[in-house]
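Peer 1: coordinates for the following, if possible.
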Amino acid sequence: MYSKSLKYGLLAAALTGTVFWTGKQAFAADTEEKLAEPKTGSAMILNDGDSSGQVIETEEYVTPTEEGEYLDMGFTNVDEGSFLYIRSEATKESEWVGKLYPDCAVHVQGVVGEWIPVESGGVTGYVKSEFLLTGNDAQAKAEKLIGEAAARGEAVAKPEETVFAYAQSREAEAAAIAEAQAAEAAAREAAIQSQLPAGQAVVDFACQFIGNSYVWGGTSLTNGADCSGFVQAVYANFGISMPRTSSQMRSAGVEVSFEQAIPGDVFCYEGHVGIYIGDGQIVNAIDETHGIGISSATYTNIITIRRLV
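Peer 2: Coordinates of the predicted model:
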């Protein structure tokens, strides 16, 4: 049957004008006939090295040369961490349609040459033969994989369904990448959301004092504070000790990027600090004229953003 095509070995010795099959010979150099063997699959043409220049048409994989259940399969022979492209055509320049990772299985669809037509996981195309184990090597690899699966206690009654891995199509890989990226983004968002209650609590507490006075050197939320005194007093309410000066606060907690900033983060500027409330704004002790109020988080160059909760 075609699905067992590699059980039928084809040995071509066209250099002498002769095509050999195990158990029989077909000579082509001096005959005008087209030699055909019993049909078992798609036709192939042998021409290279034929001294008469005659094209010999044969039918592939005629006589079994070996006993083995997996001689019609192939297995990738690539290093861990690498992969083998399945190409749409038998050239390196053609588009890739699938990827085969280490020890992935394929069903060989035609004659083994520089390029091998294969099918794997619903992907059809061509792979370079130098990176694929075929024939007896494929049989040995299949038996090894099955043995390893059995040793792990896995089901091996139908290894082509339960043991062997197959190609990933280009479309499937793109979908997998998109899914992984979405999962990563969701995880980041979940991490941010998990921190929001603490940070938002800081913001809600700090905003109670909007309108109160700015006092140079002050640390009182009711009687007046300067920028660093305001931040220090707010965080003290949550049991978090902060340095006294704005420059010292640049090393408090952990640094985050502007894109990662969430309510409660401390924005540090040259000679000034404030508490981020979201939407690109900070609550801060501004100056003697404006007191404690809301400012743009980007009113000047940001030196660092620190997270404490």
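Peer 1: mind listing the strands for the stretch 201-309 of the chain?
Peer 2: For the stretch 201-309 of the chain, the strands defined by DSSP state E, counting those that start in this stretch cover 219-220, 224-225, 254-256, 266-269, 272-278, 281-287, 291-296, 304-307.
Peer 1: figure out how far the fourth one is from the centre of its chain.
Peer 2: The reference is to strand 266-269. 37 Å (Cα atoms, centre = their mean, to the nearest Å).
Peer 1: what of the second one?
Peer 2: The chain centre lies 53 Å from the centre of strand 224-225; the measure is Cα atoms, centre = their mean.
Peer 1: ok, the fifth one next?
Peer 2: The chain centre lies 38 Å from the centre of strand 272-278; the measure is Cα atoms, centre = their mean.
Peer 1: what helices or strands is that strand leaning on?
Peer 2: Judged by 3 or more Cβ pairs under 8 Å, 6 or more residues apart in numbering; DSSP states H and E, the packing partners of strand 272-278 are helix 170-206, helix 227-236, strand 266-269, strand 281-287. Every residue, glycine included, has its C-beta placed from N, CA and C.
Peer 1: ok so, going back, and the strands of the stretch 201-309 of the chain: which comes nearest residue 134?
Peer 2: Residue 134 lies closest to strand 254-256 among the strands of the stretch 201-309 of the chain, at 53.7 Å (Cβ to Cβ).
Peer 1: tell me the mean pLDDT over that closest one?
Peer 2: Mean pLDDT, computed over strand 254-256, is 95.
Peer 1: which elements pack onto that strand?
Peer 2: strand 304-307.
Peer 1: may I see the buried residues of the strand it packs on?
Peer 2: Neighbour counts over strand 304-307 (16 or more other Cβ atoms under 10 Å) mark 304-307 as buried.
Peer 1: tell me the strands beside it, with direction?
Peer 2: strand 254-256 (antiparallel), strand 266-269 (antiparallel) (DSSP bridges).
Peer 1: about what we covered before: what is the nearest of the buried residues of strand 304-307 to residue 264?
Peer 2: residue 307 (7.6 Å).
Peer 1: which stretches of the stretch 51-200 of the chain have low pLDDT?
Peer 2: Applying pLDDT under 70 to the stretch 51-200 of the chain flags residues 51-67, 193, 195-197.
Peer 1: and if you look at the stretch 201-309 of the chain?
Peer 2: For the stretch 201-309 of the chain, not a single residue meets the criterion pLDDT under 70.
Peer 1: returning to what we had before: right, and the strands of the stretch 201-309 of the chain - which one's nearest residue 119?
Peer 2: Closest to residue 119 of the strands of the stretch 201-309 of the chain, according to Cβ to Cβ: strand 254-256, at 49.4 Å.
Peer 1: what's in contact with that closest one?
Peer 2: For strand 254-256, the external contacting residues (Cβ atoms under 8 Å, 6 or more residues apart in numbering) are 265, 304-307.
Peer 1: which residue ranges form the helices in the chain?
Peer 2: Ranges of helices within the chain are 135-151, 159-162, 170-206, 227-236, based on DSSP state H.
Peer 1: elements contacting the longest one?
Peer 2: With contacts defined as 3+ Cβ pairs under 8 Å, 6+ apart, the packing partners of helix 170-206 are strand 96-100, helix 227-236, strand 272-278.
Peer 1: partner strands of the first one, with direction?
Peer 2: Pointing back at strand 96-100 there. Strand 96-100 pairs in its sheet with strand 84-87 (antiparallel), strand 168-169 (antiparallel), by DSSP bridges.
Peer 1: just name the most buried of those strands.
Peer 2: strand 84-87 (a mean of 22; mean count of other Cβ atoms under 10 Å).
Peer 1: for that one, output the C-alpha coordinates as CSV.
Peer 2: Extracted C-alpha coordinates of strand 84-87, given in CSV (Å, rounded to 0.1, in the frame of the first residue of the first chain):
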residue,chain,number,x,y,z
LEU,A,84,13.5,22.0,10.1
TYR,A,85,11.4,23.9,7.6
ILE,A,86,8.9,22.2,5.4
ARG,A,87,9.0,24.1,2.1
